[in-house]
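K.L.:
My questions concern the predicted model and sequence given below.
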Amino acid sequence: MERLKLGRSGLEVSRLCFGGNVFGWTIDEDTSFKILDYFIKAGGNFIDTADVYSKWATGNQGGESEIILGKWLKQRGNRDQVVIATKVGNDMGIKGKGLSRKHIQQAVEDSLHRLQTDYIDLYQSHIDDESTSLAETLETYGELIHQGKVRFIGASNYSAERLAQALQISQQHSYPRYESLQPRYNLYDRAEYEQELQQISQEQEIGVISYSSLCSGFLSGKYRSEKDLSISARGNSVKKYLNARGLAILEALDEVAKIYNVTLTQVALAWLIAHPTITAPIVSATKVEQLQDIIKSVDIKLEPDAIHLLNQASSWNK
């Protein structure tokens, strides 16, 4: 699998990033290990998780994903061969939330312990924290980098305005800068990224790791009417896409998939991979068979006509 430099960092990452939110939530430890093994065997090296994964599941308290990933790293002995990205800032209950110096300092120790490693390749601000100054957050990250606990930092769910402010502060005070951005971006959810974030990412050479790459499974084509929503637990989150624009996108995906003799999932991911500002879409799977289908997307080279068709069908500013 081809690898690209992430932003201006020294990290070389695979064109697909595996999203570890499923570990300890929709798949158990054994299945997680099998999927991780297959991802690495297929040429992937980039794995994204967060301290809060998967606190929302019944009986969980957060950290479950990092624990499973840490056990896998320890058993496989391959820490130096993979790029581990995790996040801080979301609500961890009694352990707190936000991007204050105090919270980050405690959270990074907890993540390192769960991951069974002494460094994190990419440490990301999971959500913006306007109650803490950007300078305090960035200075704290600088201290962690100096200590060798973190190599590079990234931002997730930041507005263009706040991202620009953070980059300016980093430059003014010689703090480390956000080398990556993790926005929601896919064929349906295009507007927020394309209106403002795309330009700043391109101008500042920020690596983009898009999440929700398949729109909670909607872009796989398995949800085409309300009766299909009962197929999986994610059905309710897909309902909002069942409208004229959503169905037009599925029709375009059907057409392109037929031309290339591939699946809708592969086309939706190939569209992201072809995007000049996207470094690595985040993908996830609960079965090895699903991941096998997903991995094939990196080999699909969409022609300009196919990209134009998909762009027209999914346009948000008609």
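P.N.:
Sure thing, it's come through.
K.L.:
buried sites along stretch 301-314?
P.N.:
Leu302, Ala306, Leu309, Leu310, Ala313, Ser314 (16 or more other CB atoms under 10 Å). Any C-beta I mention is one placed from the backbone N, CA and C, and that applies to glycine too.
K.L.:
Output it as PDB, nothing but the C-alphas.
P.N.:
The C-alpha trace of stretch 301-314 is given here as PDB (Å, rounded to 0.1, in the frame of the first residue of the first chain):
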ATOM      1  CA  LYS A 301      -7.800   4.700 -10.000                       C
ATOM      2  CA  LEU A 302     -10.900   6.700 -10.800                       C
ATOM      3  CA  GLU A 303     -10.900   8.500 -14.200                       C
ATOM      4  CA  PRO A 304     -11.800  12.200 -14.300                       C
ATOM      5  CA  ASP A 305     -15.200  11.400 -15.800                       C
ATOM      6  CA  ALA A 306     -16.100   9.100 -12.900                       C
ATOM      7  CA  ILE A 307     -14.900  11.700 -10.300                       C
ATOM      8  CA  HIS A 308     -17.000  14.400 -12.100                       C
ATOM      9  CA  LEU A 309     -20.100  12.200 -12.000                       C
ATOM     10  CA  LEU A 310     -19.700  11.600  -8.300                       C
ATOM     11  CA  ASN A 311     -19.000  15.300  -7.600                       C
ATOM     12  CA  GLN A 312     -22.100  16.400  -9.500                       C
ATOM     13  CA  ALA A 313     -24.400  13.900  -7.800                       C
ATOM     14  CA  SER A 314     -23.000  14.900  -4.300                       C
END
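K.L.:
What about the closest residue to Glu161 other than its chain neighbours, how many residues nearby?
P.N.:
Residue nearest to Glu161 in three dimensions, not counting chain neighbours: Glu196, with 7.9 Å by CB to CB, 6 or more residues apart in numbering. Close neighbours of Glu196, defined as other CB atoms under 10 Å, add up to 15.
K.L.:
Quick check: Glu196 is in a strand.
P.N.:
No: read with DSSP: H, G, I helix; E, B strand; the rest coil, Glu196 is helix and lies in no strand.
K.L.:
Check the gap between it and Arg76 for me.
P.N.:
According to CB to CB, to the nearest Å, Glu196 and Arg76 sit 40 Å apart.
K.L.:
coming back round to it: residues in contact with the residue nearest to Glu161?
P.N.:
Ser159, Ala160, Glu161 (CB atoms under 8 Å, 6 or more residues apart in numbering).
K.L.:
Can I get those residues in CSV including neighbour count?
P.N.:
Shown next, in CSV, are the contacts of Glu196 (neighbours: other CB atoms under 10 Å):
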residue, neighbour count
Ser159, 14
Ala160, 18
Glu161, 10
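K.L.:
Please narrow those to those residing in helices.
P.N.:
Ala160, Glu161 (DSSP state H).
K.L.:
which one among the contacts of Glu196 gets closest to Leu144?
P.N.:
Of all the contacts of Glu196, Leu144 sits closest to Ser159, with 24.1 Å by CB to CB.
K.L.:
What sits closest to that closest one if chain neighbours are left out?
P.N.:
Nearest to Ser159 is Asp128, by CB to CB, 6+ apart, at 7.1 Å.
K.L.:
Which residues belonging to the helix or strand bottoming out on mean pLDDT in the chain are considered buried?
P.N.:
Between all helices and strands in the chain, the lowest mean by mean pLDDT, DSSP states H and E belongs to helix 235-238, at a mean of 79. Judged by neighbour count using 16+ other CB under 10 Å, the buried positions of helix 235-238 are Gly235, Val238.
K.L.:
Moving C-terminal from that helix, which element do we reach first?
P.N.:
Next helix or strand after helix 235-238 toward the C-terminus (DSSP states H and E): helix 244-260.
K.L.:
circling back: please save the CA atoms from the least confident helix or strand of the chain in CSV.
P.N.:
C-alpha atoms of helix 235-238 as CSV (Å, rounded to 0.1, in the frame of the first residue of the first chain):
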residue,chain,number,x,y,z
GLY,A,235,-29.6,2.3,11.2
ASN,A,236,-30.9,5.3,13.1
SER,A,237,-27.8,7.4,12.3
VAL,A,238,-28.3,6.7,8.6
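K.L.:
Give me the contact list for it.
P.N.:
With CB under 8 Å, 6+ apart as the test, helix 235-238 has contacts from Cys215, Ser216, Gly217, Phe218, Tyr223, Asp228, Leu229.
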